[in-house]
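Enquirer: Here you go, sequence then predicted model.
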Amino acid sequence: MYTALRLQKKLKRELRRGEVKVTVVDPNSYMTYQPFLPEAAAGNISPRHVVVPLRRVLPKCTVRKARVTELNHDEGWAIVQPLAGPPERITYDYLVMAAGAVPRLLPIPGLAENGISLKTVGEAIHLRNHVLEQLEIAESTNDEEMRRKALTFVFVGGGFAGVEAVAELEDMTRDATRYMRKVTPQDLRFMLVEATGRILPEVGPDMGRWTAEQLRGRGIAVKMNTLLKSAVGGRIELSDGSSFQAGTLVWNAGVKASPVVRQGDLPVDGKGRVKGTEFLTIEGLVRAFTAGDNAAIPDLTQDGEFCPPNAQHAVRQAKVLGDNIVRSLRGKTLKPYVHGNLGTVAGLGLHKGVANPLGFKLKGWPAWFFHRTYHGAMVPTFNRKIRVVADWTLALFLKRETVSLATVEQPRADFELAALDDARAKARIAEAAAAETEDTGSEAAETETAATETAA
């Protein structure tokens, strides 16, 4: 999206004259601002406000809601599968591969069937409804085993996504228990499982230890150097030997490049990422560019390292990428991508956070305020900035909404139930009518028999 925005700005006259055409192909017709997904899952921000509609911000581009199923850069064409109808072939001159990343799953029994990630707005909505539904299950049953399972929440992965998710959702469930009679904050069992010996490595060892202490102080069990071994049937088995039932399993243990990068002839490295250069071109190809989480871009500020897969680099790479496409069109020299790390920031629930901007260490409320200030400024478009700030402002005066809308995931359930009841009612009426007909027929036969006997 940011690359297309840059091209819209730099190629205004060419687009107006029809000399250039920019086509954006994506399975979704919106861009998701992923740093806000934990807050959307916790109800601090409306899910609609963390997505940016592509057609609104890219009026001079052609937006195709479709999936790329095949790519041949040598011949300059791609096969796309739209929502409906047969696949279509699109030809192009320049390629930008910026498909992002998907969760990196491991071959753990039961993970695919019982786990959920937090990479999309749909997952954020589902996770919020699911967690609140677990509280409703615990509130409405006297079965202690069922209650304990429903109130056990396991989060795997101690990076930004995992830590922010467990912190925000623990904060939300604690608020929700205020309105319940049976479920108390002491009944909640939250657990963060991390395979390495530290969490939030991006903020440094000291801040990572401080974060772990803060989470434990809130009753969240933080297990490091621990692996998830199995999740079959909702039973969690960890490498430390512990085994228990859990109603919620959230998987945030890393990402991998989107599978679409392997649908063609693009060069990829051992991790499945597109091989990129410091100019954001694809290695060994002409008129092909890449950026973001699906790309291995050399970090010129650190010898031998690649840019980490985060929004900070992706957004800035996209602007350089757009400029380099314009330079290529006009026969100019491409510029390398060089960007120093501005620091990191993470929210840990309402009024809680940790940050390391430009080497300064912030904790608690100052870090939380910096987190909101930074992301409020970075979320795309003025429209979304206003809506997000409005959500935050209202939250200062109004209590958090903790209502589960799990029925939205099966919107036709009641309709189908009503149809089933109608069918059953019709069947009962038909059975009654058949029985009545049979009785009437029997009575008529008896009358006829009696009349015959009388006549005889």
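Expert: That came in fine, so what should we check first? Numbers count the residues shown, from 1 in each chain.

Enquirer: all strands for the stretch 351-456 of the chain, in order.
Expert: Along the stretch 351-456 of the chain, the segments classed as strands by DSSP state E, counting those that start in this stretch run 353-357, 362-363.

Enquirer: Just the terminal-to-terminal distance for stretch 39-54.
Expert: Stretch 39-54 has an end-to-end distance of 22 Å (C-alpha to C-alpha, to the nearest Å).

Enquirer: Could you list the buried residues of stretch 21-31?
Expert: V22, V24, V25, D26, Y30, M31 (16 or more other C-beta atoms under 10 Å). C-beta: built from backbone N, CA, C; applies to glycine.

Enquirer: Distance check, the residue positioned nearest the centre of the chain against V51.
Expert: Centrality entry for the chain: nearest residue to the mean C-alpha point is T120, 2.0 Å, by C-alpha atoms, centre = their mean. Computed with C-beta to C-beta, to the nearest Å, the distance linking T120 and V51 is 10 Å.

Enquirer: any residues in contact with both of these two?
Expert: Taking C-beta atoms under 8 Å, 6 or more residues apart in numbering as the contact rule, T120 and V51 both touch T32.

Enquirer: returning to that earlier point: quick one, which of the strands of the stretch 351-456 of the chain is packed in tightest?
Expert: The highest mean neighbour count among the strands of the stretch 351-456 of the chain, using mean count of other C-beta atoms under 10 Å, belongs to strand 353-357: a mean of 22.

Enquirer: those helices in the stretch 301-450 of the chain, which residues are they?
Expert: Taking DSSP state H, counting those that start in this stretch as the criterion, the stretch 301-450 of the chain carries its helices at 311-329, 364-378, 382-397, 413-455.

Enquirer: Quick check: T69 is in a strand.
Expert: Yes. T69 forms part of a strand when assessed by DSSP: H, G, I helix; E, B strand; the rest coil.

Enquirer: quick one, what contacts it?
Expert: By C-beta under 8 Å, 6+ apart, the neighbours of T69 are I79, V80, Q81, P87, Q263.

Enquirer: that's a helix at the third one, yeah?
Expert: No. Under three-state DSSP, Q81 falls outside any helix and is assigned strand.

Enquirer: shaky segments in the stretch 351-456 of the chain?
Expert: Where the stretch 351-456 of the chain drops to pLDDT under 70, the residues are 438-456.

Enquirer: correct me, but L358 touches G343?
Expert: Yes. Counting by C-beta atoms under 8 Å, L358 touches G343, with 5.2 Å between them.

Enquirer: Who has more neighbours out of the two?
Expert: G343 (18 against 8; other C-beta atoms under 10 Å).

Enquirer: who touches the closest residue to the more buried one other than its chain neighbours in this structure?
Expert: Counting by C-beta to C-beta, 6 or more residues apart in numbering, P357 is the residue found nearest to G343 once chain neighbours are left out, at 3.8 Å. P357 sits next to L342, G343, T344, V345, F370, Y374 when contact means C-beta under 8 Å, 6+ apart.

Enquirer: Of these, select the buried ones using a PyMOL command.
Expert: To isolate the buried ones among the contacts of P357 in PyMOL, judged by 16+ other C-beta under 10 Å, type:
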select buried, resi 343+344+345+370+374
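
Enquirer: what's the farthest-apart pair in the contacts of P357?
Expert: Distance extremes for the contacts of P357: the farthest pair is L342 and F370 at 11.7 Å, using C-beta to C-beta.

Enquirer: who's in contact with the residue nearest to M1 when sequence neighbours are not counted?
Expert: Among residues not flanking M1 along the chain, M31 sits closest, at 4.3 Å (C-beta to C-beta, 6+ apart). Contacts for M31 (C-beta under 8 Å, 6+ apart) come out as M1, V51, V52, L54, P380.

Enquirer: From C61, how far out is V22?
Expert: 4 Å.

Enquirer: between those two, what contacts are shared?
Expert: In terms of C-beta under 8 Å, 6+ apart, V22 and C61 are both contacted by the residues A4, L7, Q8.

Enquirer: Whichever of these end up buried, select them in ChimeraX.
Expert: Entered in ChimeraX, the line below selects the buried ones among the shared contacts of V22 and C61, by 16+ other C-beta under 10 Å:
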select :4,7,8
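
Enquirer: For K256, state which of the shared contacts of V22 and C61 is nearest.
Expert: Distances from K256 to the shared contacts of V22 and C61, taken by C-beta to C-beta, are shortest for A4, at 24.3 Å.

Enquirer: Show me what the helix or strand hosting that closest one is in contact with.
Expert: Using DSSP states H and E, A4 sits in helix 2-10. Helix 2-10 has contacts (C-beta under 8 Å, 6+ apart) with 15, 20, 22, 24, 57-58, 60-61, 96, 98, 289, 291, 314-315, 318-319, 321-323, 325-326, 380.

Enquirer: Can you dump the C-alpha atoms of that helix in CSV for me?
Expert: In CSV, the C-alpha atoms belonging to helix 2-10 read as follows (Å, rounded to 0.1, in the frame of the first residue of the first chain):
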residue,chain,number,x,y,z
TYR,A,2,2.8,2.4,0.9
THR,A,3,4.6,1.7,-2.4
ALA,A,4,1.4,2.4,-4.4
LEU,A,5,0.8,5.6,-2.4
ARG,A,6,4.3,6.7,-3.3
LEU,A,7,3.8,5.9,-7.0
GLN,A,8,0.5,7.8,-6.9
LYS,A,9,2.4,10.9,-5.6
LYS,A,10,5.4,10.7,-7.8
